[in-house]
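S.K.: Coordinates for the following, if possible.
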Amino acid sequence: MKNFLDKNLKLLLPKTLCPAVDLVLSIVNEKMCTKNISFPFGKDGSLLYSVSLLPTVTEEHIEIEFNATVKQGDVLIQPSKNATEIFDLPSNPGETSFFLKADFLGCAFTALQQEGAFNLIATESELADAETMSISALSDVIPEFPTDIQDFKITISVDKPAEITLDPSKALLHLYSNFEMTASPSPDSEPQSIFVIHLHMNFQIQFSVDEKTLHFDLSPDKIFPSLDSSSIGVFEVEDLGEFILSVLQEVYTPAINNMLQTAIPLPDMLRMLSINLAESQIEVMKNFLMISVNVCRA
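M.R.: Below is the predicted model of the structure:
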């Protein structure tokens with residue numbers, strides 16, 4: 001009986017199932033159960049993909065679960081306290097799908113945040129070239145604002161872990177920063193702080209993928225400012241909303257998008273299965289990102 005089943009299954013399975021399944025079965029037996037895949041990420045970070053469980057075979061799919069971890073140096077980046085769980089993943093016949101949780105993406109962005117990738121210093125000339133709101137316009141918004149300051153700068157420092165929220169209507173990157181303006185009262189004086197604003201910045205994320213990496217493009221969405229300190233007296237921080245958004249739109253976001261060309265590398269396993277992600281479709285769903293490729297051919 002054993003020989004009979006073995007002989008007939010070998011004949012029937014490749015003919016009756018999607019050809020990708022036969023390939024997956026052989027690779028799983030040979031390589032998957034012990035495969036650890038590590039990639040450099042950012043300046044000092046790394047991403048590690050490892051197969052966590054034996055594959056699960058369903059009526060339509062073979063499911064392979066990865067542990068995906070992010071390190072900054074030798075330190076493991078932990079998901080936020082509000083880590084999400086995914087219970088039911090969609091299953092589309094004829095497609096191979098790769099799922100990335102929002103928590104994993106948040107850890108990857110936190111690794112970049114910890115190495116200072118989201119920090120920026122913009123000088124007076126850079127702000128003028130980008131045509132952000134002028135000092136004279138700021139004095140119209142805040143009457144106490146000094147118009148005779150020299151060499152002012154804007155410093156944006158992101159001092160808390162980044163977060164990613166994924167929803168069918170919108171994918172967002174949350175950055176929590178200090179937005180500080182410094183300037184010199186006179187040409188020979190040391191720079192002084194004009195104001196410091198706690199700034200929660202939201203950026204909409206547009207995803208794209210090539211054969212081996214996931215890419216991002218950011219655009220400003222909303223800001224949530226609150227005044228931390230001021231040397232010019234208390235003012236309504238909401239009055240600076242237009243100025244802050246102009247800095248984010250014209251100076252900060254282009255710099256961050258240029259940095260994000262680093263992208264997130266995806267497991268070699270996908271290429272081992274001859275899956276070309278450049279032909280994939282990306283769908284943002286609740287708490288996770290789905291990358292799908294139709295691998296069956298008529």
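
S.K.: so where's the stretch 1-150 of the chain shaky on pLDDT?
M.R.: 1-36, 52-62, 81-89, 91-93 (pLDDT under 70).

S.K.: which stretches of it form strands?
M.R.: 36-41, 45-51, 56-57, 62-63, 66-72, 75-76, 95-101, 120-123, 150-158 (DSSP state E, counting those that start in this stretch).

S.K.: Mind putting those into TSV with distance to residue 188?
M.R.: C-beta here means a position set from N, CA and C on the backbone, and glycine is covered the same way. TSV is the format used below for the strands of the stretch 1-150 of the chain (distance: least, C-beta to C-beta, whole Å):
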stretch	distance to residue 188
strand 36-41	45
strand 45-51	42
strand 56-57	71
strand 62-63	68
strand 66-72	41
strand 75-76	43
strand 95-101	53
strand 120-123	18
strand 150-158	9
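
S.K.: Ignoring the adjacent residues along the chain, who's closest to residue 173?
M.R.: Here the nearest residue to residue 173 in space, its sequence neighbours aside, is residue 203; by C-beta to C-beta, 6 or more residues apart in numbering that works out to 4.5 Å.

S.K.: now do residue 106
M.R.: Per C-beta to C-beta, 6+ apart, closest to residue 106 is residue 164, 4.3 Å.

S.K.: same thing with residue 280?
M.R.: Of all residues not flanking residue 280 in the chain, residue 293 sits nearest, at 4.5 Å (C-beta to C-beta, 6+ apart).

S.K.: now that neighbour: how far from residue 168?
M.R.: Noted for residue 293: a distance of 20 Å to residue 168, by C-beta to C-beta, to the nearest Å.

S.K.: swap in residue 47?
M.R.: Here the criterion is C-beta to C-beta. By it, residue 47 lies 26 Å from residue 168.

S.K.: which one of these two has more residues nearby?
M.R.: Neighbour comparison, residue 47 and residue 168: the larger count goes to residue 47, with 22 against 9 (by other C-beta atoms under 10 Å).

S.K.: Just list whatever residues bridge to that one.
M.R.: Residues in a beta bridge with residue 47, per DSSP bridges, are residue 39, residue 70.

S.K.: so who does residue 40 touch?
M.R.: Neighbour list for residue 40: residue 46 [criterion: C-beta atoms under 8 Å, 6 or more residues apart in numbering].

S.K.: re earlier: would you mind naming the helix or strand containing the residue nearest to residue 106?
M.R.: Take DSSP states H and E as the rule and residue 164 turns out to sit in strand 163-167.

S.K.: what packs against that strand?
M.R.: Using 3 or more C-beta pairs under 8 Å, 6 or more residues apart in numbering; DSSP states H and E as the contact criterion, the elements in contact with strand 163-167 are helix 102-114, strand 170-184, strand 281-285.
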